[in-house]
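Student: Using only what follows, build the 3D model:
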Amino acid sequence: MGNINSCWAAEPPVAETSSSCITKTATAAHNFTVTNYSLLKGMGIGKFISSRPFSVGGYSWQIRFCPDGADQEHAGYAAAFLCRCDGAAAAGVQTQYTLSLRHTDGKVHGDSKYSGKLVTHTFQKVGAGWGFSDFIEKSKLQEDCFTIRCDLTVIGKTIIV
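Tutor: Next up is the predicted model:
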């Protein structure tokens, strides 16, 4: 009786290589606290207040909040947007972000249908804003102090190694 393993002769080793795709990212969060909200009502449609600029991924950003709505169509809503403030004008900046409305205790406001909704957007030019014209119905925003939190990831170069 022969050796059963002799049927499976050892095969020569297979050459193996590998590579990886790595996408560089930068992530940060910014909290924009609005106090005395009641005093902002009546600013006018399309008028906004802005957070101070914050830096993520080598670019400057702001949260913009329109207490009386971004436009006539959305006058019954307060609006919130992320705005790119600087950077190379010709290059689009890829992002993923959320804008969340928060109570003073830090809990997410349940009446903002977009709180925590992940947005993927490429900002093509400086000064461009992207967000929600109907962030929250004005009638449901009763607090005089609240925070809009932006969790932002800037997606950089993809490299193969």
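
Student: contacts, neighbours, all on C-alpha from now
Tutor: Fine.

Student: doesn't residue 111 fall inside a helix?
Tutor: No. According to DSSP: H, G, I helix; E, B strand; the rest coil, the state of residue 111 is coil, so it is not within a helix.

Student: wait, doesn't it sit right on residue 136?
Tutor: Yes. With contact defined as Cα atoms under 8 Å, residue 111 reaches residue 136; the gap is 6.6 Å.

Student: Mind telling me what element the residue nearest the centre of the chain is part of?
Tutor: For the chain, the residue sitting closest to the mean C-alpha position, by Cα atoms, centre = their mean, is residue 97 at 1.3 Å. When secondary structure is defined by DSSP states H and E, residue 97 falls within strand 93-102.

Student: and the next element down the chain from that strand?
Tutor: Next along from strand 93-102, by DSSP H and E: strand 119-123.

Student: Residue 111 and residue 136 - which one has more neighbours?
Tutor: Relative neighbour count places residue 136 above the other of residue 111 and residue 136, with 24 against 13, counting by other Cα atoms under 10 Å.
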